[in-house]
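Student: Please work out how this folds:
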Amino acid sequence: MKTHSSFFFTGATILTLFGLLSGHWLMLPLAFLMAFCGMVAADREQLADMDIHTAAMLLVLPSQQPLLPLDHFHGNELLFYQAGSPVYRILQANGASWELVGEYGKVEDVSGCIRVYPGYLYRRQAR
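Tutor: Numbers count the residues shown, from 1 in each chain. Have a look, this model is predicted:
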């Protein structure tokens, strides 16, 4: 049986109030432990409720390429916005240029590509 996070948060609140009002200060560490367990349970609940596409953007599986932040690149030729982030046709960083291939999961050949937030693949351009 899985315990819901609200159980831990309610228990931690009650223990904290009881410990403060009665002067039993040794109950406070137990209340903090319960609150921590509640945070862990809430995190697992949020991951379970997460949309599969959102989880794919935020969580890297061992078989996936890492999701690089757009901050390290200078973009040229803005195409559109996806998930509030711009998607450029060309990205430049450290003297190298990268050209948009397509969205991760919709492109067959991903060899030599990098994956940039929000999940698009870029292939290095030959000079």
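
Student: how close does Lys2 get to Arg44?
Tutor: 9 Å (CB to CB, to the nearest Å). For every residue, glycine as well, the C-beta is placed using N, CA and C.

Student: what's the answer for Ile90, then?
Tutor: Ile90 is 40 Å from Arg44, by CB to CB.

Student: Of those two, which one has the most company?
Tutor: Neighbours per residue (other CB atoms under 10 Å) separate Ile90 from Arg44, with Ile90 holding more: 15 against 12.

Student: which residues sit in contact with the closest residue to Gly102 other than its chain neighbours?
Tutor: Nearest in space to Gly102, with sequence neighbours left out and distances taken as CB to CB, 6 or more residues apart in numbering, is Leu121 at 6.0 Å. Leu121 is in contact with Leu100, Val101, Gly102, Glu103, Tyr104, Val107, Val110, Cys113, Ile114, Arg115, counting by CB atoms under 8 Å, 6 or more residues apart in numbering.

Student: Show me which of those residues is closest to Gln82.
Tutor: Glu103 (8.4 Å; CB to CB).
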